[in-house]
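**Q** Turn this into a structure:
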Amino acid sequence: MKILVVGGAGYIGSHVVRELLDTGNNITVFDNFSSGSKTNLFSESNFIKGDILNYSDISKAAAGYNAIIHLAAFKAAGESMIAPEKYSVNNITGTINILNAALENGIKNIVFSSSAAVYGEPEYTPVDEKHPVNPKNYYGFTKLEIERIMTWYDKLKGLRYASLRYFNAAGYDINGRIMSLEKNPANLIPIVMETAAGKRKELQIFGGDYDTPDGTCIRDYIHVNDLAVGHRLALDYIIKQDKSITVNLGSETGLSVLEIIETARKITGKKINANIVKRREGDPATLVSSAKKALEILEWKSTYSDASTLITTSWNVYRRQK
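**A** Coordinates of the predicted model:
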């Protein structure tokens, strides 16, 4: 199958591309390297440099493909609350350009990188797809708006989509084929790795008095190799079933901040200084997914998302960086 992977030079995108190449697909990466890296490109794939905000770029790039996988978005929740205009233009306008380019080129299938941020403060856990959607940051709002736009494109134009609501993407390729670090990471595991590697003197733990076993927040971490398989299976599903889907991709296992840090200390052999500071506003104590729907309709479940594999595959990359 000929697939255009928009944002395929990024952290998650490169893992998706690797999975698609490994399963015999013809892949072209479309990226502007704003957060991706040239070192994430593979010799077996084609590459087009372009920007989703330039409609001509994406329209020309989409010609001749069977499907699009869209992973090009700004994703820092904190920044989105400071610069909503930036997130509006890139995430929403950019996606509309992709959808219109798909229609112009006769592409009827798209896989979209959504987020568990659409749910907001959990009313119950584990969080399933029936949970109310009420994003607490503008990043989550942009993802939810895109989902709503896609439902109309489905109804009016027959554009089938898979909206994949990720929880916390982490880890690196289990076979060590992707070695480029994320640019400006804001998530826990990369920050723990930077501290272990000496790039940071210490890391901050936001709150140590939550109603959890060790007092720190519990989150659902999903390995990027598991995410990549989920993209492939979701694309196969919407093509074969000719219908759109919205599904969670998560491990269904909660890991606390301290569990992540302690696992990292054991695996890296580093001290990893950590300092507990006050809570961040809007951080729920526990946020864990239900991925039952993905199992039922895609026959997908996480394989590599245990704490040891998440940390080991990450450290294999970070310890090699100078």
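**Q** Next, the buried residues of the lowest-mean-pLDDT helix or strand in the chain.
**A** Within the chain, no helix or strand scores below helix 77-82, which has a mean of 90 by mean pLDDT, DSSP states H and E. Judged by neighbour count using 16 or more other Cβ atoms under 10 Å, the buried positions of helix 77-82 are 77, 79-80. All C-beta atoms are positioned from the backbone trio N, CA, C, and that covers glycine.
**Q** would JSON lines of these with distance to G230 be doable?
**A** Shown next, in JSON lines, are those (distance: Cβ to Cβ, whole Å):
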{"residue": "A77", "distance to G230": "22"}
{"residue": "E79", "distance to G230": "26"}
{"residue": "S80", "distance to G230": "24"}
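**Q** Could you list the low-confidence segments of the chain?
**A** Residues of the chain meeting the criterion pLDDT under 70: 322.
**Q** can you give me the helices for the stretch 101-250 of the chain?
**A** For the stretch 101-250 of the chain, the helices defined by DSSP state H, counting those that start in this stretch cover 138-157, 188-196, 224-241.
**Q** Out of these, the one nearest N168 is which?
**A** helix 188-196 (7.7 Å; Cβ to Cβ).
**Q** Need the CA coordinates for that closest one. PDB is fine.
**A** C-alpha atoms of helix 188-196 as PDB (Å, rounded to 0.1, in the frame of the first residue of the first chain):
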ATOM      1  CA  LEU A 188       8.400  12.500  32.500                       C
ATOM      2  CA  ILE A 189      10.500   9.600  31.000                       C
ATOM      3  CA  PRO A 190      12.600  11.800  28.700                       C
ATOM      4  CA  ILE A 191      13.200  14.200  31.700                       C
ATOM      5  CA  VAL A 192      14.200  11.300  33.900                       C
ATOM      6  CA  MET A 193      16.600  10.100  31.100                       C
ATOM      7  CA  GLU A 194      18.100  13.600  30.800                       C
ATOM      8  CA  THR A 195      18.700  13.600  34.500                       C
ATOM      9  CA  ALA A 196      20.300  10.200  34.400                       C
END
